[in-house]
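# 3D model of this:
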Amino acid sequence: MVISEIKLYELLKTRIGDKEAEAFIQILEERVDKKFEERKSEFATKEDVSNLRAELLRTIYLTSLGQLITIIASVVSLILILKK
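Model (predicted):
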């Protein structure tokens with residue numbers, strides 16, 4: 001049992017009895033575990049984070065490359081316009 005479960009057990013033991021408190025804690029723990037297993041698929045795994053990182057790096061690289069090309073094209077355009 002975790003400390004919070006022990007505290008809850010001690011509190012319930014004085015009110016509803018030893019066996020009932022233990023049974024209640026066990027049922028509560030099973031329900032929490034079941035809920036966790038149901039929602040486990042919503043959590044990000046290391047692989048998900050790694051894939052996201054790779055995708056973000058690719059996006060940043062392509063955006064930076066696009067900006068660089070745009071800046072170079074603008075400078076070339078200004079040079080050609082000022083030469084006339």
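# was I right about Ala21 contacting Lys7?
No - the criterion here is Cβ atoms under 8 Å, and Ala21 misses it with Lys7 at 11.4 Å. To be clear about C-beta, it is placed using only N, CA and C from the backbone, and glycine gets the same treatment.
# and Ile71, how far from Tyr61?
For Ile71, the distance to Tyr61 equals 16 Å [Cβ to Cβ, to the nearest Å].
# one more: Lys7?
Distance of Lys7 to Tyr61, computed by Cβ to Cβ: 52 Å.
# for the longest helix belonging to the chain, give the mean pLDDT please.
Longest helix of the chain, by residue count under DSSP state H: helix 46-83. For helix 46-83, the per-residue pLDDT values average out at 96.
# remind me what it packs against, helices and strands.
If you count contacts as 3 or more Cβ pairs under 8 Å, 6 or more residues apart in numbering; DSSP states H and E, helix 46-83 packs onto no helix or strand.
# just the buried residues of that helix, please?
By neighbour count on 16 or more other Cβ atoms under 10 Å, the buried set for helix 46-83 is empty.
# cheers, nothing more for now.
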